[in-house]
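Undergrad: Starting from these lines, generate the structure:
(one chain, ligands or ions: 1)
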Amino acid sequence: MDASAQNISESLLAWYDAHARALPWRAAPGAPPPDAYRVWISEVMLQQTTVAAVIPYFARFTERWPTVEALAAAEDGDVMAVWAGLGYYARARNLLACARAVAAMGGRFPDSEEALRALPGLGAYTAAAVAAIAFGRRAVVVDANVERVVARLFAIAKPLPAGRAAIRTAAGAITPHERSGDFAQAMMDLGATICTTRAPRCLLCPLSDRCLARQAGEAESFPVKPAKAAKPHRKGHAWWIERHGAVWLVRRQGKGMLGGMRALPDDGWIAGRDGTAVPPLAGPWQAGGSVAHVFTHFSLDLNLRLYSGSDWDSLAAQDGEWWPLERLDEAGLPTLFAKAARLAQATTGAGRGDEVIQ
Ligand code: ADE
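TA: Below is the predicted model of the structure:
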């Protein structure tokens, strides 16, 4: 370990000596390690669950089954019942499988990361955490809190999940050979109490003078999140039918998005697919440009068609109303259709074209 890495781990351990959270599965900083069974149970419970939520479950669980042999002999249904409320029930099933395997091996957990990893249902994170915390083995323990601390400390710019490899390498470079369990838990406590996702309390951080993200004034930007998946894109049509200073408006069906609102007639793009392009009247139709709109779950190109015929009477059989153009702003059109109406009014009379309104 180079001098700056050593310097980081020493500062962190000194901070832990003063500020470690007292938790029921923990030994005090610098004290001999706690029982592997209790470490293992706590680490499984703490995956996807907060420390505050785990504490009462951990107490009930270890009181009822104080040893790995006791747990191995438990009824599945009893374990599931005590687990109820913690969620992610596969964890409880894996826990039982693992307890039975350890009991069959004589009731002692293996003390290396590699041998722990070979137990049923015991993943890479748990193996590293138990090896470090219960057996003092040097292991690189990276959970979401550690990930955030390391990504900030080294301003690792590669977005997750690809950035995890660089984060792990950097975490490995600062993990000491001594007190590796305390070091892992110090990183977790720092992440949970100071290097928080939002509004990190850098003024209290023992590593702030070496934190590259903080130096750049960008602690909160790390770890870099993956770009959001692109929204689906849809195409649809809306129909502008004008007669003697009034436009044909319909009332949208249903309770869903835009349901119950007045609108121009359209071709069904809202139903999770492109529109059918089937107009409410036979035609003739002219191009009226298009309107781009972004909804929460998709983006839409709405192609506007302008009616240039005079067979208005065939609309009489359809639901709708003639709405006077001079009061169009009182129709309560949703933004998409208000944009389309503006486009139609800008193009009717003023030369029809391919104008695009954003
Ligand atoms: N989260 C996961 N493991 C933990 C531990 N040992 N202490 C605090 N938070 C944790």
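
Undergrad: Report how many residues lie close to residue 279.
TA: Residue 279 sits with 15 neighbouring residues when counted by other CB atoms under 10 Å. Every C-beta, even on glycine, is put in place using the N, C-alpha and C of the backbone.

Undergrad: Now it: closest residue in space that isn't a chain neighbour?
TA: In this structure, residue 279 finds its nearest non-sequential neighbour in residue 239, 5.5 Å apart by CB to CB, 6 or more residues apart in numbering.

Undergrad: what's across from that neighbour in the sheet?
TA: In this structure, residue 239 has beta-bridge partners residue 305, where bridges are defined by DSSP bridges.

Undergrad: give the contact list for it.
TA: When the contact criterion is CB atoms under 8 Å, 6 or more residues apart in numbering, the partners of residue 239 are 248, 264, 265, 266, 279, 280, 281, 285, 304, 305, 307.

Undergrad: And the buried ones among these, selectable in ChimeraX?
TA: One line in ChimeraX is enough to select the buried ones among the contacts of residue 239; burial here means 16 or more other CB atoms under 10 Å:
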select :248,264,265,266,280,281,285,304,305,307
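
Undergrad: Quick check: the farthest pair among the contacts of residue 239?
TA: 281 and 304 (14.6 Å; CB to CB).

Undergrad: For the residue nearest the centre of the chain, give me the backbone phi and psi.
TA: Per CA atoms, centre = their mean, the C-alpha nearest to the average position across the chain is that of residue 225, at 9.3 Å. Backbone geometry at residue 225, expressed as degrees, to the nearest 10, gives phi -80, psi 150.

Undergrad: tell me the contacts of it?
TA: Applying CB under 8 Å, 6+ apart, one finds that residue 225 lies in contact with 159, 160.

Undergrad: Kindly report the same for residue 109.
TA: So, once contact is read as CB under 8 Å, 6+ apart, residue 109 ends up touching 36, 37, 40, 68, 102, 116, 130, 134.

Undergrad: and the third one, what are its phi and psi?
TA: The phi and psi torsions at residue 40 (degrees, to the nearest 10) take the values phi -60, psi -50.

Undergrad: What count of nearby residues applies to the closest residue to it other than its chain neighbours?
TA: Nearest in space to residue 40, with sequence neighbours left out and distances taken as CB to CB, 6+ apart, is residue 130 at 5.2 Å. Counted with other CB under 10 Å, the neighbours of residue 130 add up to 30.

Undergrad: who's in contact with residue 130?
TA: With contacts defined as CB under 8 Å, 6+ apart, the neighbours of residue 130 are 36, 39, 40, 43, 109, 116, 122.

Undergrad: ok, now residue 80?
TA: Counting by CB under 8 Å, 6+ apart, residue 80 touches 89, 92, 93.

Undergrad: now the residue in the stretch 101-250 of the chain that the ligand sits nearest to: how far from residue 238?
TA: Across the stretch 101-250 of the chain, no residue is closer to the ligand than residue 188, which sits at 4.2 Å (CB to the nearest ligand atom). Per CB to CB, to the nearest Å, residue 188 is found 55 Å from residue 238.

Undergrad: If you count surrounding residues, which of the two has more?
TA: Of the pair residue 188 and residue 238, residue 238 is the one with more neighbours under other CB under 10 Å, namely 24 against 21.

Undergrad: Do I have it right that the more buried one meets residue 300?
TA: No. Residue 238 is not in contact with residue 300 according to CB atoms under 8 Å; the separation is 10.2 Å.

Undergrad: Helix or strand: which one has the closest residue to residue 91 other than its chain neighbours?
TA: If the residues on either side of it in the chain are set aside, residue 91 comes closest to residue 44, at 5.5 Å by CB to CB, 6+ apart. Under the criterion of DSSP states H and E, residue 44 resides in helix 36-46.

Undergrad: Enumerate the positions of that helix that are buried.
TA: 36, 37, 38, 39, 40, 41, 42, 43, 44, 45, 46.
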